[in-house]
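> Generate a structure from the sequence data that follows.
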Amino acid sequence: MLLANSLIVFALALPLGLGIGGGGIFLIYLGDALGVSRDSSVYLNLVFFLSALLASAMGHLRRRRLSLSMLGIILLFGIPGTLTGRWIARLLSPTLLHLFLGFFLLGSGVFSLISLKKIKLSSKLPSHSLDKP
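Below you'll find the model as predicted:
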């Protein structure tokens, strides 16, 4: 069982290393497949994400593809924003937080689709053989 879980966690870490996410899938796996409580799942997901982040950041640093000035800005504003969000989350009910998350994900998806359509219309994307009818 340990080997199977290790292989599943490895497979779930691949999208994180690629920069395309995977944390939501990891939460589902922890809760549904392993029966881990919701609070513990969130904390484990954070540790999972941070370890994948460190591995990816080290690779980008070696290839000099990581802007240290942008990293500084992200840390300067990201840490206080996270702490403020944590404080606000303690004041709100879990139901309201889930509602906000749903609206955020919906808005993010719609924004991504609109942005993709604008890029495709301006033909900045290279044509691909699969794009042709």
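> Going by length in residues, pull out the top helix of the chain.
helix 94-121 (DSSP state H).
> quick one: that one to chain centroid distance?
On the basis of Cα atoms, centre = their mean, to the nearest Å, helix 94-121 sits 14 Å off its chain's mean C-alpha point.
> Check which helices and strands that helix is in contact with.
Using 3 or more Cβ pairs under 8 Å, 6 or more residues apart in numbering; DSSP states H and E as the contact test, no helix or strand touches helix 94-121. All C-beta spots, glycine's among them, are computed from the backbone N, C-alpha and C.
> Tell me what angle the helix or strand hosting residue 90 forms with helix 94-121.
Assigned by DSSP states H and E, residue 90 belongs to helix 68-91. Put simply, helix 68-91 runs at 150 degrees to helix 94-121, going by axes from the mean of the first three to the mean of the last three Cα atoms, to 10 degrees.
> What lies in contact with helix 68-91?
When contacts are defined by Cβ atoms under 8 Å, 6 or more residues apart in numbering, helix 68-91 is touched by residues residue 97.
> Please apply the same query to stretch 7-17.
21-23, 25-26, 29, 33, 48-49, 52-53, 55-56.
> ok so, going back, averaged pLDDT, the longest helix of the chain. What do you get?
Mean pLDDT, helix 94-121: 82.
> Ok, stretch 32-49 next?
84.
> what does stretch 64-79 give?
85.
> What about residue 92? Give its phi and psi, please.
phi -100, psi 160 (degrees, to the nearest 10).
> Distance check, the nearest residue to it once chain neighbours are set aside against residue 93.
Nearest residue to residue 92, sequence neighbours excluded (Cβ to Cβ, 6 or more residues apart in numbering): residue 100, at 7.8 Å. As judged by Cβ to Cβ, to the nearest Å, residue 100 and residue 93 stand 11 Å apart.
> Tell me which of the two has more neighbours.
Neighbours per residue, other Cβ atoms under 10 Å: of residue 100 and residue 93, the larger number sits with residue 100, 13 against 8.
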